[in-house]
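>>> Could you look at this predicted model? Sequence included:
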Amino acid sequence: MASSEESAMRLTKWESAQFYRLLWLFAAAFGLHIIEESAGFSDWVKNTLKGEIDITAFYINNAGFMAVLVLLTILAGRRKTNLTLWLLFFWVSGQQFWNFIFHMYTQFHFRAYSPGYFTALFLYFPVFLYLSYLALREKRLTLWQWSLTLCAGAFGMWFTIWAGLYHFSPFPWDYWL
């Protein structure tokens with residue numbers, strides 16, 4: 001019987017060998033998140049966030065976001081360079097990590113179910129942390145690069161909310177804070 005140390009070593013080797021395939025977890029999580037959000041997101045935006053997004057715009061935006069995610073995942077997997085992986089994490093930090101923060105915040109601040117809450121909590125957050133851990137452990141990204149993507153992603157998420165839900169109108173800070 002293998003010791004726990006040997007099992008951990010096998011898992012580590014497997015993760016290292018499969019790293020670029022594991023990046024597809026980002027796209028899987030996003031696809032499931034779109035499904036959860038599609039059941040009521042536009043009504044929730046109108047009634048809870050006092051913004052506006054119709055269901056057609058919702059699907060068009062998410063199709064575009066998925067296309068970028070798939071393209072960056074393919075690019076990272078084929079090129080296997082620091083730059084292509086950094087670009088993927090740059091995109092995903094806003095799309096998934098900060099979207100997780102968005103859903104947690106709105107769920108509790110506005111005290112209303114935020115469509116997308118469960119996939120953000122049970123998929124976005126753990127998948128982002130796991131793949132970040134692997135990227136840092138394997139030295140595929142530096143801590144500085146990863147931190148930069150996290151900071152930039154916050155702005156990207158805010159911009160997406162402002163542009164997509166408030167259509168560049170003055171942001172309702174007083175309502176959000």
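Yep, that arrived.
>>> Could you count how many residues lie near residue 142?
13 (other CB atoms under 10 Å). For glycine as for every other residue, the C-beta is placed from the backbone atoms N, C-alpha and C.
>>> tell me the contacts of it?
residue 136 (CB atoms under 8 Å, 6 or more residues apart in numbering).
>>> Quick check: it vs residue 86, distance?
Using CB to CB, to the nearest Å, residue 142 is found at 9 Å from residue 86.
>>> Residue 70 now?
17 Å.
>>> As a check, name the ranges of all helices in the chain.
Using DSSP state H, the helices of the chain run over residues 4-22, 24-38, 41-44, 55-79, 82-92, 98-109, 117-119, 125-137, 143-166, 173-176.
>>> As CSV, these with mean neighbour count and mean pLDDT would be great.
Compiled in CSV, the helices of the chain are given as follows (neighbours: other CB atoms under 10 Å; pLDDT from 0 to 100):
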stretch, mean neighbour count, mean pLDDT
helix 4-22, 12, 92
helix 24-38, 18, 98
helix 41-44, 18, 97
helix 55-79, 15, 98
helix 82-92, 20, 98
helix 98-109, 19, 98
helix 117-119, 19, 98
helix 125-137, 17, 98
helix 143-166, 16, 97
helix 173-176, 9, 96
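>>> Contacts only, for residue 69.
Contacts of residue 69 (CB under 8 Å, 6+ apart): 26, 27, 30, 91, 92, 95.
>>> Apply 7 Å and report the result again.
26, 27, 30, 91, 95 (CB atoms under 7 Å, 6 or more residues apart in numbering).
>>> And residue 30, by the same measure?
Residue 30 neighbours (CB under 7 Å, 6+ apart): 66, 69, 95, 96.
>>> Name the member of those residues with the shortest distance to residue 132.
residue 96 (10.5 Å; CB to CB).
>>> Correct me if wrong: that closest one contacts residue 123.
No: here residue 96 lies out of contact with residue 123, judged by CB atoms under 7 Å, at a distance of 8.4 Å.
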